[in-house]
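S.K.: build the 3D model from these lines:
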Amino acid sequence: MPRAVVTGGAGFIGSHLVDRLIAEGWQVVVIDNLITGREENLQHLMGRPDFEFIRHDVCEPFEVEGAVDYVFHLASTASPVDFVRHPLETLRVGSYGTENALELAVRKGAKFLFSSTSEVYGDPLVHPQSEDYWGNVNPIGVRGVYDEAKRYAESLVMAYHRYKGVDTRIVRIFNTYGERMRLDDGRVVPNFVCQALRGEPITVYGDGSQTRSFCYVSDLVEGIWRLAHADYHLPINIGNPEERTILEFAQLIKRLTGSDSPIVFQEFFTPDDPKQRCPDITRARQILGWEPRVSLEEGLRRTIEYFRARVQPAS
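M.R.: As a prediction, the model looks like this:
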């Protein structure tokens, strides 16, 4: 039975990856300090003999007893709200946390997969974004603590691959949504869905012409699973290339929730917010045989039902 360590495994994406690994017959050790992850995401696994949870900050050195076949390093803050709340922690987990996770892989002779992000492309000057684009990032902006932490971590992973022989993978994750997102996540899906379910105005920043692409979490996990088993070491984009404007997305959320919420427009509040974000997934198609399968409407229906059970209507 293969054994994996998943840092950040109590988070939104991490917990779904843990479920997939266990479903595939793996033993899993999750390491998470719960700064943004939630123990309830793993509650259904507690007490199983093939699952172990360790509450620990991966920015501090750590050890895992026994054999480890794979290290999946997903620990990080992942939303602009969290960058503001935890800027230094965001930088540390990308640097010290990544190095500690890589060192565990070295000691155990394990393979290593790093979860990077489309934010390495910054506010892109090319569209769609392919893996050979180096990005347009403001290193001293509010988002810089996340963008540069991930860019540094990618360099660190490649250095360990080239100079220490670690068998590494890098996945660049584009906008992903689904069950287990936090209500206060601050990103567009929970923002719009919660506003619609509460009957509050749905707030669109700017004129709503900025674009995003949305990948359902099960599709993302499938891409990570395939990459983990591919003999490929350069970054690969995993995301949905179907692009929507934010205004179109707000209108879709309103329709799917059956909400009477008005759509209101506000000035931009997040510096360096990208105007366009859409992955070129040619590499994922060619190397992994992967592309998204779940339609936006189907994924949103599942996500809305998850939030509907947790959102209290506005008083």
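S.K.: give me the low-pLDDT residue ranges for the stretch 51-200 of the chain?
M.R.: Applying pLDDT under 70 to the stretch 51-200 of the chain picks out no residues at all.
S.K.: so Val145 sits against Phe83, correct?
M.R.: Yes. If you go by C-beta atoms under 8 Å, Val145 and Phe83 touch, sitting 5.5 Å apart. C-beta: built from backbone N, CA, C; applies to glycine.
S.K.: intersection of neighbour lists for the two?
M.R.: Thr90 (C-beta atoms under 8 Å, 6 or more residues apart in numbering).
S.K.: which residues does Ile238 contact?
M.R.: By C-beta under 8 Å, 6+ apart, the neighbours of Ile238 are 171-174, 215, 220, 223-224, 227, 279, 281, 284, 290.
S.K.: from these, which ones fall inside strands?
M.R.: Judged by DSSP state E, those include 171-173, 215 as members of strands.
S.K.: domains in the protein, as residue ranges please.
M.R.: Following automatic domain parsing, one gets these domains for the chain: 3-176+215-238, 179-213+242-277+294-308.
S.K.: pull up the distance across the last one, start to finish.
M.R.: Translated: domain 179-213+242-277+294-308. End-to-end span of domain 179-213+242-277+294-308 (C-alpha to C-alpha, to the nearest Å): 11 Å.
S.K.: centre of the chain to that domain, how far?
M.R.: Centre-to-centre, domain 179-213+242-277+294-308 and its host chain are 17 Å apart (C-alpha atoms, centre = their mean, to the nearest Å).
S.K.: now do the longest one
M.R.: Shown here is domain 3-176+215-238, whose average C-alpha point lies 8 Å from the average C-alpha point of the whole chain (C-alpha atoms, centre = their mean).
S.K.: can you give me the end-to-end distance of that domain?
M.R.: End-to-end distance of domain 3-176+215-238 (C-alpha to C-alpha): 24 Å.
S.K.: what about the strands in the stretch 151-300 of the chain?
M.R.: Ranges of strands in the stretch 151-300 of the chain, per DSSP state E, counting those that start in this stretch, are 168-173, 176-177, 202-205, 211-213, 215-216, 236-238, 243-245, 263-266.
S.K.: one more: the stretch 1-150 of the chain?
M.R.: Taking DSSP E, counting those that start in this stretch as the test, the strands found in the stretch 1-150 of the chain are 3-7, 27-32, 51-55, 70-73, 111-117.
S.K.: on that earlier part again, switch the contacts of Ile238 over to JSON lines; also include distance to Val71.
M.R.: Compiled in JSON lines, the contacts of Ile238 are given as follows (distance: C-beta to C-beta, whole Å):
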{"residue": "Val171", "distance to Val71": "14"}
{"residue": "Arg172", "distance to Val71": "18"}
{"residue": "Ile173", "distance to Val71": "17"}
{"residue": "Phe174", "distance to Val71": "23"}
{"residue": "Cys215", "distance to Val71": "23"}
{"residue": "Leu220", "distance to Val71": "19"}
{"residue": "Gly223", "distance to Val71": "18"}
{"residue": "Ile224", "distance to Val71": "13"}
{"residue": "Leu227", "distance to Val71": "14"}
{"residue": "Pro279", "distance to Val71": "25"}
{"residue": "Ile281", "distance to Val71": "25"}
{"residue": "Ala284", "distance to Val71": "22"}
{"residue": "Trp290", "distance to Val71": "22"}
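S.K.: closest one to Pro262 out of those, please.
M.R.: For those, the minimum distance to Pro262 (C-beta to C-beta) is 28.3 Å, reached by Cys215.
S.K.: and for that closest one, the neighbour number?
M.R.: Residues contacting Cys215 under the criterion other C-beta atoms under 10 Å number 25.
S.K.: that one reaches Arg293, doesn't it?
M.R.: No. Between Cys215 and Arg293 there is no contact, the gap being 10.3 Å when judged by C-beta under 8 Å.
S.K.: got JSON lines for the strands of the stretch 151-300 of the chain, with distance to Gln195 too?
M.R.: Below are the strands of the stretch 151-300 of the chain laid out as JSON lines (distance: least, C-beta to C-beta, whole Å):
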{"stretch": "strand 168-173", "distance to Gln195": "25"}
{"stretch": "strand 176-177", "distance to Gln195": "15"}
{"stretch": "strand 202-205", "distance to Gln195": "5"}
{"stretch": "strand 211-213", "distance to Gln195": "17"}
{"stretch": "strand 215-216", "distance to Gln195": "21"}
{"stretch": "strand 236-238", "distance to Gln195": "28"}
{"stretch": "strand 243-245", "distance to Gln195": "17"}
{"stretch": "strand 263-266", "distance to Gln195": "10"}
